[in-house]
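Engineer: Attaching a predicted model along with its sequence, questions to come.
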Amino acid sequence: MFRPMPLLVGAALALAALGGYDVWRGDPQAAPSAAPSAAGPAPAAATPITLTTARVPLGEVVTSSGATLYRFEKDTAKPAKSNCAGQCAATWPPVLATGGAPQLRGIAPGLVGIVLRSDGTEQVTLAGWPLYRYIGDTAPGQTKGEGVAGSWHAVGPAGKPAVAAAKSSGPRGAGGSVGAPPAPAPVTPKPAPAPDPAPSGGYGY
């Protein structure tokens, strides 16, 4: 009558030992919570944008991924502040600082900064002026946003409007190229003076 008891006690101890193994060591068959997270891999880090320069009919402009960049005359540079939001920002998307400091080509690093927008995003500035793209430009090198509403201008490498910078760079010849210097006027040789006649009394030696 007493023989089954050791077997029952042994089975209970074995189950308890097995349960302890599952809890402390995370048996993969009895602890499904140890499975890999379903959140998926971490997103890749954003790549910094690149600001470079390009020569267009307006002059030298700043571009990003081939798109001409603009400044808005109703913004301020000192202090830097964007006054383009809502529908304005839909037409003129701000150039945002993603992935760290922008990569620069042909632009002085000391001129580039960021400004905090009203929606909490960080916008790239040049000489204090917030930078924008224009949705009307659909191909690299286009400058359809130049002069829109008298307030938008393609921006040059120093932060000034590209048109103003081109006008201040010097006189232009026909076709928009720098004119050649004028040829010097021809010089007509003067006739040699006739010798003075000898005095009547000789040379006085």
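Structural biologist: Arrived safely, thanks for sending.
Engineer: When you work out contacts or count neighbours from here on, use the C-alpha atoms and nothing else.
Structural biologist: OK.
Engineer: and Ala89, that's in a helix?
Structural biologist: Yes: per DSSP: H, G, I helix; E, B strand; the rest coil, Ala89 lies within a helix segment.
Engineer: Could you check how many residues crowd around it?
Structural biologist: Other residues lying near Ala89 total 15 when counted by other C-alpha atoms under 10 Å.
Engineer: now the one 3 residues further on
Structural biologist: Counted with other C-alpha under 10 Å, the burial measure for Trp92 works out to 23 neighbours.
Engineer: I'd say it and Pro130 touch.
Structural biologist: No: assessed by C-alpha atoms under 8 Å, Trp92 is found out of contact with Pro130, at 11.2 Å.
Engineer: What is the three-state secondary structure of Ala149?
Structural biologist: Under three-state DSSP, Ala149 falls in the helix class.
Engineer: for this protein, which spans come out with low pLDDT?
Structural biologist: Along the chain, segments meeting pLDDT under 70 span 1-44, 169-205.
Engineer: Please, where are all the helices along it?
Structural biologist: 4-25, 87-91, 162-167 (DSSP state H).
Engineer: Which stretches in the protein count as strands?
Structural biologist: In the chain, the strands defined using DSSP state E lie at 50-56, 59-64, 67-68, 70-72, 76-77, 80-81, 103-104, 112-116, 122-126, 129-130, 152-154.
Engineer: What is the first one packed up against?
Structural biologist: In this case it means strand 50-56. Other elements packing on strand 50-56 under the criterion 3 or more C-alpha pairs under 8 Å, 6 or more residues apart in numbering; DSSP states H and E are strand 59-64, strand 103-104.
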